[in-house]
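Participant: Okay, here's the prediction I keep looking at, along with the sequence it came from:
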Amino acid sequence: MKKDSAINKRLAVFFSVVFFLCALTSFAQVKIEVDTTKIRVGEQINYKIKVEADSSELVVFPEGQTFMPLEVVEALKIDTTKKDAKFLLSRIYKLTQFDSGSYTIPRQKIIIGEKPFYTDSLRLDVNTIEVDTTKQKLFDIKPIIEVDKSSSTWWIWLLGILSAIALVAFLLYWFIWRKKPLTEEEEIALLPPYDRAQLALKKLDESQYLIRAEVKEYYSQLTFIIRKYLDEKVYDRALESTTSQLISRLQLLKDGNQIELSKDTIKNIESILMRADLVKFAKSAPDTALAEMDKATVSKEIDVVKASLPEPSEEEKILDVQYLEAQASKKKRKKIILTVAISVVLLIATFVGFGIKYGFGYVKDTIIGHESKELLEGEWVKSEYGFPPVYIETPRVLKRIVSQVPDGDEEQMTMTSFSYSTLINVFSVTVNTTTLKVPKQEAQTKETENPTFDLLKFSEAGIQGFESKGATDITVKRDQFITPNAAEGLKTFGTLNIKIPDTESIMSAEYAFFQFSNENILQQIILTWAQDDVYADEMIQRIIDSIELKPDEEEPQD
């Protein structure tokens, strides 16, 4: 037994030495250095953290405002050097303080691998700057200067939209509504049938068909000219009729006294058409003189037909005018339909394009309008509310509202409230600060670390406040909440149904309120917003990320 006892003592001593060496080694992995522990108001110190670690270990340095009550002016990049098989990492933090006094820089947490290591706390003295007012020049207070708001880019969007509309309007005018210059064929088509026939005969005379001995082409053009004129002015099937059918029709019109044509005129037209048939189908080849004589005959007979046509009556003239007006109206209607169709196609294509890129809901809300979207994309305001101040960023400035202190508690506490809310989407932000009228010295003499306010109790009071305003189906969740500057509080959140004032409608909503207690002070941030509102979700997250608290400060004395 004595032997076993001696062995146990030796093992205990051995493990104690091992644990001591391990602790010493771990402590030696993290060191801090400062260039001074005494500064004047506004000056900076260099707080340097040095870490020795293996190359395979991940090292995480402090981030954010973990040096409170000192402020981090700048955190330099991590400097890395290699020493044997280890790495030496160091990072410098530039710290400052604008109020005189003695401060303690809290321990900083460094994670090496998966193990946390802590630095020692450090005391820092901040001295005031002595000013000799007998020698210092004094100046009048400068007047208040108006600060211009940050420039907005709405005019760029407006200019782009107007430019796009102008471009589309120009293209529609240029290709649809513009009175385009007529081509030669279009100008000829607008001429009366007689003038068109005479012009065609003139061009046939200027052609070189006969010089090139192209008699078939010559007679084809010649008969087309006479047939075309007869088709438009005498018989509307002259182009598709055979020679015998056309001559029979002319003879019938003559016998019925519908047109005053002589036998010679009909005979001349028949002979020219039959000669043209022989040239086209029997490959006959009349000489040039006969072909030119036939052209002259066609020209003369066209004049005869024109002279024999009766003058149009007033009714026919009116019908012609109405026909032209109908044609113009039809053409204009076609342009309008084409313009509307192109505009609709462009609008649909633009909507689909922006919908694919940004989402169809976002495009719809941009066109129609959405209150939450306008708040999210507007100019946000970052400010402080109450004392001690709550720093928060909101889409609109929170306005002071009259807060109701419970009856009988007016002499024991004071309350300040700031709020902004909208009725349509039940979005609201409220910041409350409640201060007990207890002297700070008395509060410091209490031998307790518990805050003056029970956060869980006030969380329940907040839920009861929702119920008193008609909210139903309230779900409640609670969790710890830590601000970016390491202030710890209680987060209460969930869903509820809110009855819209002056209506019978009920809206599903979400809520979250954050509570922080410090000695005799309670700070609350209360948020409500519509459920399934993506813009409101983004706003709320941005607001929550911006919440910061400052340590209690003495209120300035009058």
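Facilitator: Everything's here; your move.
Participant: Could you pull up the mean pLDDT of the helix or strand harbouring residue 329?
Facilitator: Here residue 329 sits within helix 314-358, counting by DSSP states H and E. Helix 314-358 shows a mean pLDDT of 79.
Participant: quick check, distance from that helix to the centre of its chain.
Facilitator: Put simply, helix 314-358 sits 33 Å off its chain's centre (C-alpha atoms, centre = their mean, to the nearest Å).
Participant: same question, stretch 183-203
Facilitator: That offset, for stretch 183-203, works out to 59 Å (C-alpha atoms, centre = their mean).
Participant: Restrict it to CA atoms and write it as CSV.
Facilitator: The C-alpha trace of stretch 183-203 is given here as CSV (Å, rounded to 0.1, in the frame of the first residue of the first chain):
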residue,chain,number,x,y,z
THR,A,183,-40.3,55.7,-105.9
GLU,A,184,-40.7,56.0,-109.7
GLU,A,185,-43.0,53.0,-109.8
GLU,A,186,-45.2,54.5,-107.0
GLU,A,187,-45.4,57.8,-108.8
ILE,A,188,-46.4,56.1,-112.0
ALA,A,189,-49.1,54.1,-110.1
LEU,A,190,-50.7,57.3,-108.9
LEU,A,191,-51.2,58.7,-112.4
PRO,A,192,-54.6,58.4,-114.1
PRO,A,193,-54.9,55.4,-116.5
TYR,A,194,-54.7,57.5,-119.6
ASP,A,195,-51.5,59.3,-118.5
ARG,A,196,-50.0,56.0,-117.3
ALA,A,197,-50.7,54.4,-120.8
GLN,A,198,-49.2,57.3,-122.7
LEU,A,199,-46.1,57.2,-120.5
ALA,A,200,-45.8,53.4,-121.0
LEU,A,201,-46.0,54.0,-124.8
LYS,A,202,-43.3,56.6,-124.6
LYS,A,203,-41.0,54.3,-122.6
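Participant: Show which residues not belonging to that stretch make contact with it.
Facilitator: 182, 221, 225-226, 228-229, 232-233, 295, 298-299, 302, 306 (C-beta atoms under 8 Å, 6 or more residues apart in numbering). (Each C-beta comes from the backbone N, C-alpha and C, glycine too.)
Participant: Next step: those residues restricted to helices.
Facilitator: Among these, the members falling in helices are 221, 225, 226, 228, 229, 232, 233, 295, 298, 299, 302, 306 (criterion: DSSP state H).
Participant: Nearest to residue 454 among those residues?
Facilitator: For these, the minimum distance to residue 454 (C-beta to C-beta) is 104.2 Å, reached by residue 232.
Participant: count of neighbours near the closest one?
Facilitator: The number of residues packed near residue 232 is 16, by other C-beta atoms under 10 Å.
Participant: any idea how far residue 249 is from it?
Facilitator: Per C-beta to C-beta, to the nearest Å, residue 232 is found 14 Å from residue 249.
Participant: Residue 537 contacts residue 531, correct?
Facilitator: No: using C-beta atoms under 8 Å, residue 537 makes no contact with residue 531, being 9.3 Å away.
Participant: and the residue nearest to residue 436 when sequence neighbours are not counted, how many neighbours?
Facilitator: Closest residue to residue 436 apart from its sequence neighbours, by C-beta to C-beta, 6 or more residues apart in numbering: residue 520 at 4.0 Å. Neighbours of residue 520 under the rule other C-beta under 10 Å: 19.
Participant: I figured residue 520 hits residue 433, correct?
Facilitator: No: Residue 520 lies out of contact with residue 433 (C-beta under 8 Å); the separation is 11.4 Å.
Participant: Help me confirm that residue 383 comes into contact with residue 397.
Facilitator: Yes: Residue 383 is in contact with residue 397 according to C-beta under 8 Å; the separation is 6.8 Å.
Participant: which one of those two has more residues nearby?
Facilitator: residue 383 (14 against 11).
Participant: which SS state does the more buried one fall under?
Facilitator: strand (DSSP: H, G, I helix; E, B strand; the rest coil).
Participant: which residues touch it?
Facilitator: 391, 392, 394, 397, 398.
Participant: I would like a ChimeraX command selecting only the buried ones among those residues, please.
Facilitator: Typed into ChimeraX, the line below selects the buried ones among these, using 16 or more other C-beta atoms under 10 Å:
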select :391,392,394,398
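Participant: Please identify which pair of the contacts of residue 383 lies farthest apart.
Facilitator: Within these, two members stand farthest from each other by C-beta to C-beta: 391 and 397, at 13.8 Å.
Participant: chain center to stretch 524-534: distance?
Facilitator: 22 Å.
Participant: Please renumber the chain so that the first residue is 187 from this point on.
Facilitator: With 187 as the first residue, the last one maps to stretch 710-720.
Participant: Tell me the spacing between residue 567 and residue 263.
Facilitator: On the measure of C-beta to C-beta, residue 567 and residue 263 end up 33 Å apart.
Participant: quick one, helices of the chain?
Facilitator: 188-214, 340-358, 370-375, 379-392, 401-419, 429-441, 449-467, 474-494, 500-544, 546-554, 557-563, 626-631, 641-654, 720-732.
Participant: Deepest-packed of the ones you listed, please.
Facilitator: Among the helices of the chain, helix 401-419 has the highest mean neighbour count (mean count of other C-beta atoms under 10 Å), at a mean of 20.
Participant: which strands and helices sit next to that one?
Facilitator: helix 379-392, helix 429-441, helix 449-467, helix 474-494 (3 or more C-beta pairs under 8 Å, 6 or more residues apart in numbering; DSSP states H and E).
Participant: Redo these as TSV? Include distance to residue 599.
Facilitator: TSV is the format used below for those (distance: least, C-beta to C-beta, whole Å):
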stretch	distance to residue 599
helix 379-392	103
helix 429-441	114
helix 449-467	116
helix 474-494	112
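Participant: With respect to residue 642, which of those lies nearest?
Facilitator: Among those, helix 379-392 sits nearest to residue 642 (C-beta to C-beta), with 100.5 Å.
Participant: How far off centre is the closest one?
Facilitator: 65 Å.
Participant: Who are the contact partners of residue 274?
Facilitator: Here residue 274 is in contact with 236, 237, 238, 266, 267, 268 (criterion: C-beta under 8 Å, 6+ apart).
Participant: which one of those residues sits closest to residue 228?
Facilitator: residue 236 (26.9 Å).
Participant: What's the separation between that closest one and residue 225?
Facilitator: 21 Å.
Participant: And for residue 262?
Facilitator: Residue 262 is 18 Å from residue 225, by C-beta to C-beta.
Participant: which of the two has more neighbours?
Facilitator: residue 225 (17 against 12).
Participant: So residue 669 versus residue 236, what's the distance?
Facilitator: From residue 669 to residue 236 the distance is 29 Å (C-beta to C-beta).
Participant: Looking at those two, which is more packed in?
Facilitator: Legend: neighbour count by other C-beta under 10 Å for residue 669 and residue 236, higher for residue 669 (20 against 16).
Participant: dump the residue contacts of that one.
Facilitator: Neighbouring residues of residue 669 by C-beta under 8 Å, 6+ apart: 675, 733, 734, 735.
Participant: Neighbour count and distance to residue 342 added to these, as CSV?
Facilitator: Below are the contacts of residue 669 laid out as CSV (neighbours: other C-beta atoms under 10 Å; distance: C-beta to C-beta, whole Å):
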residue, neighbour count, distance to residue 342
675, 21, 42
733, 21, 33
734, 18, 33
735, 25, 39
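Participant: sorry, back to before: what values do phi and psi take at the residue nearest to residue 622?
Facilitator: phi -100, psi 30 (degrees, to the nearest 10).
Participant: Burial check on residue 376, number of neighbours?
Facilitator: 9.
Participant: Check residue 283 too.
Facilitator: 20.
Participant: what stretches of the stretch 337-486 of the chain score poorly on pLDDT?
Facilitator: Along the stretch 337-486 of the chain, segments meeting pLDDT under 70 span 337-340.
Participant: how about a cut-off of 50?
Facilitator: Along the stretch 337-486 of the chain, the model assigns pLDDT under 50 to no residue.
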